[in-house]
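Engineer: predicted model, plus sequence, below.
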Amino acid sequence: MNAALRHDQYDVVVIGAGPAGLAATATAAGAGLSTLLLDENAGPGGQVWRAISSTPVKSRAMLGDEYWAGEPIVRAARASGAEMIHRATVWSLDRNLEIGVSIGGGSTVVGAHRVIIATGAQERPFPIPGWTLPGVMTAGAAQTMLKSSGLVPDGRTIIAGQGPLLWLLAAQILRLGGRIDRVLDTTARSNYLTALPHALAFMTSSYFMKGLAMMREVRTRVPVISGVTELAADGDGSLTAVSYVARGKRETMPADLLLLHQGVVPNVNLAMAAGVNHRWDERELCWSPVLDADGASSVEGIAIAGDGAGIGGAQAAIWRGRIAARSAIAALAPEAATKLEPVASLRAELARAERGRAFIDTLFQPARQFRIPAGDTIVCRCEEITAQEILDSVAIGATGPNQLKAYRRTGMGPCQGRLCGLTVTELMAEARGKTPQEIGYYRLRAPVKPITLSELASLPKTEAATQAVVRG
Amino acid sequence: MFKRSNGDARRPVTIFVEGTAVDAREGDTVSAALLASSLDVRRATAVSGAPRLPYCMMGVCFDCLVTIDGVGSRQGCLVPVADGMQIEIRKGKREIGR
């Protein structure tokens, strides 16, 4: 028993309070299951609805309808009777469904009959020359500051990359009076052709008109350079310039801030550490968990909902959360499940929300040169290991990401591979003439977020556990 | 690099960055408050001493690591500011006990 949580065992523990986690929580607790929601941030919303209950940006048109669409979902979770704990960092989950969580500087272990991982997505690594310089950030970082603190860029600002979030962020920055000097679009021209077969589904999806309107809003106010094929951040100690090649012509622009974005990928650390099987997704070029139609993973009792299950966006995340919770209810309280909406209608809603994704995924598949760097470009930001150093390690016998750790410590710094893992997999696969699936990924283990040794040592222990290691 | 947009009515909060008072707002994370200040808040990495600023602001990159009220290696992007909070910018490797 511990002070931070009301119980030490719950029917359902949901990890992450974004669209999927909130929807799953409301559904599970609403059906009478004892439900605990653990979330790392200060308030509900995840990334897409970040700071929805505390943002200083009160004018609703500034952040847009899709942001405020989170309000009823947050309300429903809060009214559901679930226990919702924020600033709670889950650092361990295992096959016994035991969850190690750090709350207020102390850790505890809590049990569950079902776990729904809703840890969402992170931005895909964008390893260009100079991406570790102060002044280079992700577009998501700028959007986080915009939503939670009303902060906007005011120096010479360049936004570079591709994908829907890039345009949304640019529109939001401009609406709030921030500065953008140029947008550099890295979408590969050949992608327009490969995405064409998926265009009809996209044009009839909800994304289409909104996307067009947003791009128009940005283009009327900021010069947009498309067909960017090379990109580098320059500076000594801080960013001072951005250079790029578009249509074969190199240009260099002075800059104080470069915001990078080339899509989002599932956050796999917690699920992989729990032993959930993942596979390489050839369309999204990332690892995705292997799941059934209810979101159930290869580990009994663990489901994954939301973008962590494969990128689908906020609306799809809500339905995936409800489906995963519905499945937990069917298993733990079958009589309550009979009163709920049939699963088939939830699945139909999910299919509708996922409409158009194939087009977006194909059109915005990042080009090879922005995923697989060369030479002195840093791949592992924590251990400061370059692409060439990784290739050199392959040349002397490193076979995959796990062996590479012994050669170069890649993935062993504080971020635990979050910002180098995909790059390392693809770089090594290419160098060795294998598929990313064959090359594999870092073996991830708890703690998936750093905690202090003293926190680990002061975990409550059972008598049996103590006896197992005490002599005499 | 960043400025506050108009109409931010949140309560002011004062934090101290290596002893210098910095105005923040309730609901800011430590990293957001640092980036909104005009101070040089670049940390130096443990490996090479290279200067860094926060990169992802969502708990992924660990480039925002700071010492908060004497506790080292905290992710500044996940910790909300509080009045009187003492922040130190990391210069190089972590020291034992902090």
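Structural biologist: Perfect, thanks for sending it. Numbers count the residues shown, from 1 in each chain, chains lettered A, B, ... in the order given.

Engineer: from now on I want contacts and neighbour counts done on CA atoms only, so please keep to that.
Structural biologist: OK.

Engineer: just checking, next helix/strand downstream of whichever strand or helix holds A:Gln403?
Structural biologist: Under the criterion of DSSP states H and E, A:Gln403 resides in helix A:401-408. Per DSSP H and E, the first helix or strand lying C-terminal to helix A:401-408 is helix A:421-432.

Engineer: packing partners for that next one?
Structural biologist: If contacts are counted by 3 or more Cα pairs under 8 Å, 6 or more residues apart in numbering or on different chains; DSSP states H and E, helix A:421-432 sits against helix A:387-395, helix A:401-408, helix A:436-439.

Engineer: the next helix-or-strand element following the shortest one near chain B anywhere?
Structural biologist: Stepping forward along the backbone from helix A:436-439, the first helix or strand reached (DSSP H and E) is helix A:453-457. No: judged by Cα under 8 Å from any Cα of the partner chain, helix A:453-457 makes no contact with chain B; its nearest approach is 10.7 Å.

Engineer: buried stuff in helix A:453-457?
Structural biologist: By neighbour count on 16 or more other Cα atoms under 10 Å in any protein chain shown, the buried set for helix A:453-457 is empty.

Engineer: cool, stretch A:322-335 as well?
Structural biologist: Those would be A:Arg322, A:Ile323, A:Ala324, A:Ala325, A:Arg326, A:Ser327, A:Ala328, A:Ile329, A:Leu332, A:Ala333, for stretch A:322-335 by 16+ other Cα under 10 Å.

Engineer: sorry, back to before: and the helix holding A:Gln403, what does it pack onto?
Structural biologist: Using 3+ Cα pairs under 8 Å, 6+ apart, helix A:401-408 sits against helix A:387-395, helix A:421-432.

Engineer: so for that helix, mean pLDDT?
Structural biologist: The average pLDDT within helix A:401-408 is 97.

Engineer: CA atoms only for that helix, dumped as CSV, please.
Structural biologist: C-alpha atoms of helix A:401-408 as CSV (Å, rounded to 0.1, in the frame of the first residue of the first chain):
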residue,chain,number,x,y,z
PRO,A,401,21.8,-2.5,-32.8
ASN,A,402,22.4,-4.6,-29.7
GLN,A,403,26.0,-5.4,-30.6
LEU,A,404,26.5,-1.8,-31.6
LYS,A,405,25.9,-0.9,-28.0
ALA,A,406,29.1,-2.7,-27.0
TYR,A,407,31.0,-1.0,-29.8
ARG,A,408,29.7,2.6,-29.4
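
Engineer: how distant is it from the center of its chain?
Structural biologist: 24 Å (Cα atoms, centre = their mean, to the nearest Å).

Engineer: ok and it relative to helix A:387-395, angle-wise?
Structural biologist: Computed by axes from the mean of the first three to the mean of the last three Cα atoms, to 10 degrees, the angle separating helix A:401-408 from helix A:387-395 equals 110 degrees.

Engineer: which parts of helix A:401-408 are buried?
Structural biologist: Buried, per 16+ other Cα under 10 Å, within helix A:401-408: A:Pro401, A:Asn402, A:Gln403, A:Leu404, A:Tyr407, A:Arg408.

Engineer: what sits up against stretch B:70-88?
Structural biologist: Stretch B:70-88 is contacted by residues A:40-42, A:87, B:13-19, B:24-33, B:54, B:57-59, B:62, B:64-69, B:94, B:98 when judged by Cα atoms under 8 Å, 6 or more residues apart in numbering or on different chains.
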